[in-house]
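Colleague: Based on what follows, work out the 3D shape:
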Amino acid sequence: MKKLYLVLVIVVMLVFIFNYLNSSFYRNGNDEESIIKTIKSLDLFENSSIEIIDIKDVGDERLVAFLSNNNPAYSHFEKDKSGNYGWKSAEKRGGALSHFLIPLSKDMDDGYTNLIFLTITTKDNKISKMELGANEHIFVKEFKLNKNSAIWTELPKEKEITFKYKYYNMDGKLIKDN
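Modeller: Sure thing, here's the model as predicted:
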């Protein structure tokens, strides 16, 4: 009877250890391999090819720009008490150039949320330069043509932000103004 009890205790401990290790090392953003596994485990990206373009750490948060079946996407991770980056959110769009407005978890002392404006381009992008207007601030960003890329823009901390875009081709000619 003691042997049966001992075997049962060992089995329960092994199950507990396996579940703990599986959850803390599989669904996290600690390294590129686990980031891809976590992304592929999400319904939005199930059976998708994933190509990581860039990884940006901002404080205790990790932002991952990637392509899902050649469509721009990002995933947001946040560091937990044990130092692992747990998945928080993800989004994808279509097109050769896509924008994402990402709110970070930490609010500033003045109560405004830190915002990151992420632009992802695919190798099919024909826009070489963008002027991003955020209220009275102008950010000029240049894109490498024929290459997948991610451009991160930290936005000013303001209560409301209005955006305007100007896109230019490789000859510097204005393509679109909105």
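Colleague: ok now do A73, which residues does it touch?
Modeller: F45, A65, F66, L67, A90, E91, K92, R93, I120 (CB atoms under 8 Å, 6 or more residues apart in numbering). All C-beta spots, glycine's among them, are computed from the backbone N, C-alpha and C.
Colleague: Look up the residues forming beta bridges with it.
Modeller: As for beta bridges, A73 partners with F66, K92 under DSSP bridges.
Colleague: what's the spacing between it and I120?
Modeller: 8 Å (CB to CB, to the nearest Å).
Colleague: E32 too?
Modeller: 17 Å.
Colleague: residues making contact with the longest strand along the chain?
Modeller: In the chain, ranked by residue count with DSSP state E as the criterion, the top strand is strand 97-107. For strand 97-107, the external contacting residues (CB under 8 Å, 6+ apart) are 58-61, 63, 71-72, 74, 76, 78, 88, 91, 93, 113-122, 125, 127, 143, 167.
Colleague: give me that answer again for 7 Å
Modeller: 58-59, 61, 63, 72, 74, 76, 78, 91, 113-121, 125, 127 (CB atoms under 7 Å, 6 or more residues apart in numbering).
Colleague: strands paired with that strand, and their directions?
Modeller: In its sheet, and by DSSP bridges, strand 97-107 pairs with strand 113-121 (antiparallel).
Colleague: quick one, helices of this protein?
Modeller: 2-26, 32-41 (DSSP state H).
Colleague: Confidence-wise, which of those is weakest overall?
Modeller: Least confidently modelled of the helices of the chain is helix 2-26, at a mean of 58 by mean pLDDT.
Colleague: So which residues lie in contact with stretch 145-153, not counting its own?
Modeller: By CB under 7 Å, 6+ apart, stretch 145-153 touches 51, 53-54, 56, 65, 67, 116-123, 125, 128, 132, 139, 141, 143, 170.
Colleague: which one is G94 nearest to, not counting chain neighbours?
Modeller: N71 (5.2 Å; CB to CB, 6 or more residues apart in numbering).
Colleague: Hmm, the one you found is touching E91, no?
Modeller: No: counting by CB atoms under 7 Å, N71 does not reach E91; the two are 10.7 Å apart.
Colleague: Can you give me the neighbour number for the residue nearest to A90 when sequence neighbours are not counted?
Modeller: Excluding the flanking residues, the one nearest A90 by CB to CB, 6+ apart is S75, at 4.2 Å. Neighbour count of S75, defined by other CB atoms under 10 Å: 27.
Colleague: For S75, list the residues it contacts.
Modeller: I39, V64, W87, A90.
Colleague: ok, which pair from those residues is furthest apart?
Modeller: V64 and W87 (10.0 Å; CB to CB).
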